[in-house]
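> How does the following fold in three dimensions:
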Amino acid sequence: MTETQTPCTEAACDTVLNRDGRCEDHHREAKAKTETMTPEDLDFAANASYWAGAAAAARQQQEAAKRLYALKGQTVTVVKGRKVPLGTTGVCFYSGEGQWGWRVGFKTEDGETVWTAVTNVEAVDA
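Numbers count the residues shown, from 1 in each chain. Here you go, the predicted model:
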């Protein structure tokens, strides 16, 4: 191996990378594998990788929804926004998706019902 040649980074491979930065042995194996695949196999592989990404996105959405629904019953305080005074505190009775995005509803100590965006409140540590 000369100074300009780079060894392959794959485990247990002592081959030198080509001009494209690929190991000829691994490239040859991958090409042979795809050449022997039928169009149905290639389509299945493409769909599987797409749905794996879609499933991960759905899981993230579910986790976010769980965090939002966890606000119910907790004491929340308004930390930003312009319609509800900052520092308003109350017990959350609703957390869900409304007409204009995710909303929370909470009752203050005075019995007043307040509605605002979920991004405008934070849970108060008990």
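> Neighbouring strands - and their directions - for the helix or strand harbouring Thr77?
When elements are assigned from DSSP states H and E, Thr77 belongs to strand 75-78. With DSSP bridges as the test, strand 75-78 is paired with strand 89-98 (antiparallel), strand 121-123 (antiparallel).
> As TSV, the ones you listed with mean pLDDT, mean neighbour count and distance to Glu112 would be great.
Yep, even glycine has a C-beta here, placed from its N, CA and C like the rest. Shown next, in TSV, are the strands paired with strand 75-78 (pLDDT from 0 to 100; neighbours: other Cβ atoms under 10 Å; distance: least, Cβ to Cβ, whole Å):
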stretch	mean pLDDT	mean neighbour count	distance to Glu112
strand 89-98	90	16	8
strand 121-123	90	18	15
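> what sits against the residue lying closest to Glu112 once chain neighbours are set aside?
Among residues not flanking Glu112 along the chain, Gly90 sits closest, at 7.9 Å (Cβ to Cβ, 6 or more residues apart in numbering). For Gly90, the contact set (Cβ atoms under 8 Å, 6 or more residues apart in numbering) comprises 75-76, 106-109, 112, 114.
> Same check on Gln74?
91-92, 123-124, 126.
> bridging residues for Val114?
Phe106.
> What pLDDT does the model give it?
Per-residue pLDDT puts Val114 at 96.
> same question, the one 10 residues further on
According to the model's per-residue confidence, Val124 sits at a pLDDT of 89.
> How about His27?
Reported pLDDT for His27: 53.
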